[in-house]
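Peer 1: Model the structure of this input:
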Amino acid sequence: MKNQIVSNKKFPTLVLVKSVQPLDGYRVHITFTNGVERDVDLEPVIWGPVFEEIRNDPNYFRQVYVDPISQTLTWPNEVDLDPESLYYGDEEPPWWTEYKERQKKKRARQLRERKARKPVNSHRKPKAKVTKKRAVKSNTRKMVRAKSK
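Peer 2: Okay, here's the model as predicted:
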C-alpha cells in the first residue's frame, strides 16, 4: 500500500511504520515504510494517564501492533504514537527545519518593510483630545427649602 495520506512535490512522503516486534522492557523493533529498521526504547515516550495501562502491564505493552490505516504503533485501547516521532526521535523532521527557516526569512522581510515605510500624512498635526465638561448641578432647591422653613 502506497502512502496516500500526503502528496506534495516539495516534501518527501511521510515515513510510516510497516511492522513492529516487542522486545524486552519497553523496547520495540520497528521497520519503517522506507526500509529503515530501528530498535526504539518507548519508556520516555509512554507517560501520562493515557499510557498508564500500557506502562503498568508488560503483557499489555506486548500487544502493540501496526494500525493498517494510520500505519503507526497502536495498542488495543486505541492509543497510538506518531510515526515521525518514532523515526526522527529527538531530532526535528527536515520539513519542520525548512518551515522554521522560511518563517525567519518572512519575519525579517516584514521588519525591513516596516522600517522602509514612511508615515502617512506626516504633515498634519495630531488632533487635540476632546474633554467633556461636567455639568454642575445647582443646589437651588435645597436652598429654597431651607429658607422656607
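
Peer 1: Which helix or strand contains the most centrally placed residue in the chain?
Peer 2: Centroid check for the chain by C-alpha atoms, centre = their mean gives W96 as the closest residue, at 11.9 Å. Counting by DSSP states H and E, the element that carries W96 is helix 94-116.

Peer 1: Which residue is the nearest non-sequential neighbour of R62?
Peer 2: P22 (4.4 Å; C-beta to C-beta, 6 or more residues apart in numbering). (Glycine included, C-beta is placed from N, CA and C.)

Peer 1: T72: what's its closest spatial neighbour, skipping adjacent residues?
Peer 2: Nearest to T72 is P83, by C-beta to C-beta, 6+ apart, at 4.5 Å.

Peer 1: how close does the one you found sit to G25?
Peer 2: 21 Å (C-beta to C-beta, to the nearest Å).

Peer 1: do E101 as well
Peer 2: E101 is 38 Å from G25, by C-beta to C-beta.

Peer 1: Then D82?
Peer 2: In terms of C-beta to C-beta, D82 sits 21 Å off from G25.

Peer 1: now do R107
Peer 2: 44 Å.

Peer 1: Output the below-cut-off pLDDT ranges for this structure.
Peer 2: Scanning the chain with the threshold set as pLDDT under 70 gives 1-12, 118-149.

Peer 1: Do a quick rundown of the helices in it.
Peer 2: Using DSSP state H, the helices of the chain run over 52-56, 58-61, 83-88, 94-116, 140-148.

Peer 1: Buried deepest among those, which one?
Peer 2: helix 83-88 (a mean of 18; mean count of other C-beta atoms under 10 Å).
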